[in-house]
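Visitor: pasting the sequence and the predicted model now:
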Amino acid sequence: MKPGQLFAELWQIVEPYEAEATLAPWSGRHAAEFGRLVELLEGASTADVPAMVTDYLGRRLVAFSCEVDTPHERAFVVMCALDQVAMRIHPSIKTRLPGRSSAGGQMLAAMRAERTMTGAYAELSGKGFVLPKGLLMPGKERTKGLEQSGVALAHQFSFLSFVPDLQKSFKLRPMAPPPSQIYVSHDAAQKVGLAPIAEDRDDFEFSVSDRRHKAFLDTVPRSSITDVRIENEVSALLDKGAGLVVLPELVATSSAVMGLAETLRRAARLGHSLVLTGSGPSEERSKGLDRPFNEAVVMTGAGEVLFRQRKLNAFNMAAPRMKQCALPRADGHDDDSHMEDCATGSELVLCDILGLGRVMVLICEDLEQQTPGGDAALHAQPDWILTPVLDVGLVFGRWEYRRAVEIGRKTGSRVVVSCSATLEVRSLGKQNLTETGPNAVRTGFCFDGSVEMRALHLETGGPALGHHMLVEWNPRTWKKHKLVEES
């Protein structure tokens, strides 16, 4: 049996006993046989778990002394041993950087290869995936903090995690592009670029409709304006050394994505950065609804598309907010909320990138909803939660702020929220962003859940506005989050 599959199956055996395993506690790593099991796994000469390990689980005769006897406690000892040997191939360990691979047996090499091909060490059908335990950014301590909190079974392991299948009809898709495709250095990973792209009142086209007495709002960027801005601002940010670029919701047409990819390919940069092109209407339309998806395209700095993330939860804009932003309303629906007029996706991507870590894209309302993004984040512990939004300015107390702090604090993740300026410009009764006061519009928000609740707001506006912002990720210099804003 493959080691990832074994870990997943043993998880099902041990999970009902998680409180007992912690509070009793079970022997685990302190069992007399633990060291011998680790030696067998590390020295395995095939891709499968050595027969002596499975004999131990089956309580058959083995060539070493055993302290633990009950089947479920033996399962826990083997899980601990698998977790220990997985340290050698964990993406956060420095020996996994290019040219410095750690020695290991054939079993570990096969685990690493399996993850490159499928994104996971194993999938247990109908149950979930075995993944390297987040957080994956190099330098993160593996046995402190979150791992030592509470009695959850996940807290007993530092290098392996079991991420359960998503609820309802949602599906999780892990992926792990090889370093030859994309690798982000430590220095580049600390530089995050944002740009509002849609800056002025009329940079979006808004239209409304009525279907079966329900009001809908459709939002499409004016490609003649936004396509050029996307190419210019992403190129400028990459030239300044950004390892991660995050653009807002509904600013990117399919032509913008193709144009940016071609521009980046011509620039002949290496794939040492990650670009979230913002979201926009997809070319493909839903078969049932005959509407496009709200889709974000994620590519390397060399213009190679890594994955597409579709919005999973549509947004419902309340009538007072629509009035504030001077948006049109469907006939007979002046006082009704309007649903976002798009199809919704069913797949959530987890992308593990060497050097940058685990990346999850939650588009606007997907950050707010616990299912599936919040649930997946709690189990998978992404290093980055990237959230393109379409909203008014990201002022203190807005839902993005509260949710970023909540989910970042629980997962230790870095949360980046990127917003356009158009709705705030409209709410201020202005035509152009340049007509607002200097730094009057907040279009970005960064929160680091692992560093003392530090938060950073990014502001723009005024005649001398800049069209993009580069964040040096150094949370200890940021303002500390307060429950009540300081006057």
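Guide: Nice, thanks for sending it over.
Visitor: buried set for the longest strand along the chain?
Guide: Across the chain, the strand with the greatest residue count (assigned by DSSP state E) is strand 274-285. The neighbour-count check on strand 274-285 (16 or more other Cβ atoms under 10 Å) flags 274, 275, 276, 277, 278, 279, 280, 281, 282 as buried. C-betas here are computed from N, CA, C, even on glycine.
Visitor: which residue packs closest to the residue of the chain positioned farthest from its centre, ignoring adjacent ones?
Guide: Relative to the centre of the chain, the most outlying C-alpha is that of residue 61, 45.3 Å out, by Cα atoms, centre = their mean. Here the nearest residue to residue 61 in space, its sequence neighbours aside, is residue 55; by Cβ to Cβ, 6 or more residues apart in numbering that works out to 7.1 Å.
Visitor: do residue 231 as well
Guide: Leaving aside its chain neighbours, residue 231 sits nearest to residue 263 (4.9 Å; criterion: Cβ to Cβ, 6+ apart).
Visitor: could you measure from the one you found over to residue 417?
Guide: Here the criterion is Cβ to Cβ, to the nearest Å. By it, residue 263 lies 26 Å from residue 417.
Visitor: what packs against the helix or strand containing residue 256?
Guide: For residue 256, the element it lies in under DSSP states H and E is helix 254-267. Packed against helix 254-267 by the contact rule (3 or more Cβ pairs under 8 Å, 6 or more residues apart in numbering; DSSP states H and E) you find helix 223-239, strand 274-285, strand 292-300.
Visitor: got the buried residues for the next helix or strand along the chain from the last one?
Guide: Elements were assigned by DSSP H and E; along the chain past strand 292-300, the next helix or strand is strand 305-310. Buried residues in strand 305-310, counting neighbours by 16+ other Cβ under 10 Å, are found at 306, 307, 308, 309, 310.
Visitor: kindly report the same for stretch 201-216.
Guide: By neighbour count with 16+ other Cβ under 10 Å, stretch 201-216 contains the buried residues 201, 203, 204, 206, 208, 215, 216.
Visitor: of all pairs in those residues, which one is the farthest apart?
Guide: The largest distance within these, taken as Cβ to Cβ, falls between 203 and 215 and amounts to 22.9 Å.
Visitor: returning to what we had before: in a markdown table: the helices and strands packed on helix 254-267, plus distance to residue 457 and mean pLDDT.
Guide: Putting the helices and strands packed on helix 254-267 into a markdown table (distance: least, Cβ to Cβ, whole Å; pLDDT from 0 to 100) gives the following:
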| stretch | distance to residue 457 | mean pLDDT |
| --- | --- | --- |
| helix 223-239 | 19 | 97 |
| strand 274-285 | 19 | 96 |
| strand 292-300 | 22 | 97 |
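Visitor: could the ones you listed be laid out in a markdown table, adding distance to residue 325?
Guide: Compiled in a markdown table, the helices and strands packed on helix 254-267 are given as follows (distance: least, Cβ to Cβ, whole Å):
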| stretch | distance to residue 325 |
| --- | --- |
| helix 223-239 | 18 |
| strand 274-285 | 19 |
| strand 292-300 | 18 |
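Visitor: nearest to residue 448, of these?
Guide: The minimum distance between residue 448 and the helices and strands packed on helix 254-267 falls on strand 274-285, with 17.5 Å, by Cβ to Cβ.
Visitor: given that closest one, what are its sheet partners and their directions?
Guide: Neighbouring strands of strand 274-285 in its sheet, by DSSP bridges, are strand 244-246 (parallel), strand 292-300 (antiparallel).
Visitor: now that strand, how far from the centre of its chain.
Guide: Here the centre of mass of C-alpha atoms in strand 274-285, compared against the chain's by Cα atoms, centre = their mean, to the nearest Å, lies 16 Å away.
Visitor: can you report how many residues lie near residue 58?
Guide: With neighbours defined by other Cβ atoms under 10 Å, the count for residue 58 comes to 11.
Visitor: next: residue 187.
Guide: Residue 187 is surrounded by 10 other residues when neighbours are defined as other Cβ under 10 Å.
Visitor: who are the contact partners of it?
Guide: Taking Cβ atoms under 8 Å, 6 or more residues apart in numbering as the criterion, residue 187 is in contact with 241, 243.
Visitor: measure it to residue 93 for me?
Guide: Look at residue 187 and residue 93: by Cβ to Cβ, they are 19 Å apart.
Visitor: do residue 387 as well
Guide: Residue 387 sits 29 Å away from residue 93, taking Cβ to Cβ as the criterion.
Visitor: those two: which has the busier surroundings?
Guide: residue 387 (29 against 20).
Visitor: now the strand or helix carrying that one, how far from the centre of its chain.
Guide: Here residue 387 is covered by strand 384-389, with elements defined by DSSP H and E. Between the mean C-alpha location of strand 384-389 and the chain-wide mean there is a distance of 7 Å, by Cα atoms, centre = their mean.
Visitor: so for the helix or strand that that strand is followed by, what gets flagged as buried?
Guide: Toward the C-terminal end, the helix or strand that comes next after strand 384-389 (DSSP H and E) is helix 399-411. By neighbour count on 16+ other Cβ under 10 Å, the buried set for helix 399-411 is 400, 401, 403, 404, 405, 407, 408, 409, 411.
Visitor: go on, stretch 238-250?
Guide: For stretch 238-250, a neighbour-count test (16+ other Cβ under 10 Å) marks 238, 241, 242, 243, 244, 245, 246, 247, 248, 249, 250 as buried.
Visitor: quick one, what contacts the residue lying closest to the fourth one once chain neighbours are set aside?
Guide: If you skip the residues right next to it in sequence, residue 243 has residue 188 as its closest partner in space, 2.9 Å away by Cβ to Cβ, 6+ apart. For residue 188, the contacting residues are 241, 242, 243, 244, 272, 273, 355, by Cβ under 8 Å, 6+ apart.
Visitor: try residue 64
Guide: Shown in contact with residue 64 (Cβ under 8 Å, 6+ apart): 33, 36.
Visitor: now the element after the helix or strand containing the residue nearest to residue 243, going C-ward?
Guide: Per DSSP H and E: residue 188 is located in helix 186-189. Scanning forward in sequence from helix 186-189 by DSSP H and E, the next helix or strand is strand 191-194.
Visitor: what strands line up against the next helix or strand after that next one, and which way round?
Guide: As assigned by DSSP H and E, the chain's next helix or strand after strand 191-194 is strand 204-211. Under the criterion DSSP bridges, strand 204-211 sits next to strand 214-221 (antiparallel) in its sheet.
Visitor: got the angle for the partner strand vs helix 223-239?
Guide: The directions of strand 214-221 and helix 223-239 differ by 60 degrees, with axes from the mean of the first three to the mean of the last three Cα atoms, to 10 degrees as the criterion.
Visitor: ok, and what's touching strand 214-221?
Guide: 197-198, 203-210, 250-253, 256, 280-281, 317, 322, 327, 329-330, 333, 336-342, 390.
Visitor: repeat that for stretch 132-141.
Guide: Taking contacts as Cβ under 8 Å, 6+ apart, the residues outside stretch 132-141 that touch it are 86, 89-94, 97, 115, 121, 142, 154, 157-161, 186, 189, 352, 355-358, 380-383, 411-413, 450.
Visitor: and those, which of them are buried?
Guide: Neighbour-count burial within those applies to 86, 89-93, 97, 115, 121, 142, 154, 157-161, 189, 352, 355-358, 380-383, 411-413, 450; the criterion is 16+ other Cβ under 10 Å.
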